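Undergrad: everything below, folded, please.
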Amino acid sequence: MKKTLLAAALALAPGLALADPVHGMWKTEVDDGSYAYVEMAACSGGKTCGWIRRTFDDTGEYDSENIGKALVINMENTGDGQYRGSVWRPANDKIYIGKMELAGNTLSLSGCVAGGLLCKAQTWTRLQ
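TA: Below you'll find the model as predicted:
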């Protein structure tokens, strides 16, 4: 009986059963004096995007013009915790080739140029 109820619940909520492990809320590293909370969730074509939800600087939380903007764009899960897509850097308003690697509650994210040869990286931590 319990197995039947569980199977029915999963059938009614397929998105819950197939959620990508990177989905959730993440804290970025400090960049140009501020950091953000980024919500990672499904976007177009089953890929993952990340939107800025809250911003902080050395005085505390502030209302940035970037809240609601996508920082992580169309990341595709390529397996083994690896992702490929694009990232936006608010400090210079440029979009880069993006790579992510998930390891537990740590997300290594990099934005690259020159076909991925030159990259700047950050390590984000999952918020509980």
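
Undergrad: pretty sure M25 is touching L127, no?
TA: Yes - the criterion here is Cβ atoms under 8 Å, and M25 meets it with L127 at 4.3 Å. For glycine as for every other residue, the C-beta is placed from the backbone atoms N, C-alpha and C.

Undergrad: more neighbours, those two?
TA: Set M25 next to L127 and count neighbours by other Cβ atoms under 10 Å: M25 wins out with 16 against 13.

Undergrad: show me the beta-bridge partners of the more buried one.
TA: Assessed by DSSP bridges, M25 has beta-bridge partners E39.

Undergrad: surely T78 meets G85?
TA: No - using Cβ under 8 Å, T78 is not in contact with G85; the gap is 9.9 Å.

Undergrad: just confirm A36 contacts D57, I think it does.
TA: No - shown here, A36 and D57 do not form a contact pair, counting by Cβ under 8 Å, at 10.2 Å.

Undergrad: who's more crowded, those two?
TA: Neighbour tally, A36 and D57, criterion other Cβ under 10 Å: the higher count belongs to A36, 25 against 13.

Undergrad: would you mind pulling the contact partners of the host helix or strand of the more buried one?
TA: Per DSSP states H and E, A36 falls inside strand 34-42. Outside strand 34-42, the residues that touch it by Cβ atoms under 8 Å, 6 or more residues apart in numbering are 15, 19-20, 22-29, 48-57, 62, 64, 66, 71-72, 124, 127.

Undergrad: sheet-wise, list the partners of whichever helix or strand comes after that strand with their directions.
TA: Moving toward the C-terminus from strand 34-42, the first helix or strand encountered (DSSP H and E) is strand 48-57. Strand 48-57 has these partner strands in its sheet, going by DSSP bridges: strand 34-42 (antiparallel), strand 60-62 (antiparallel), strand 70-79 (antiparallel).
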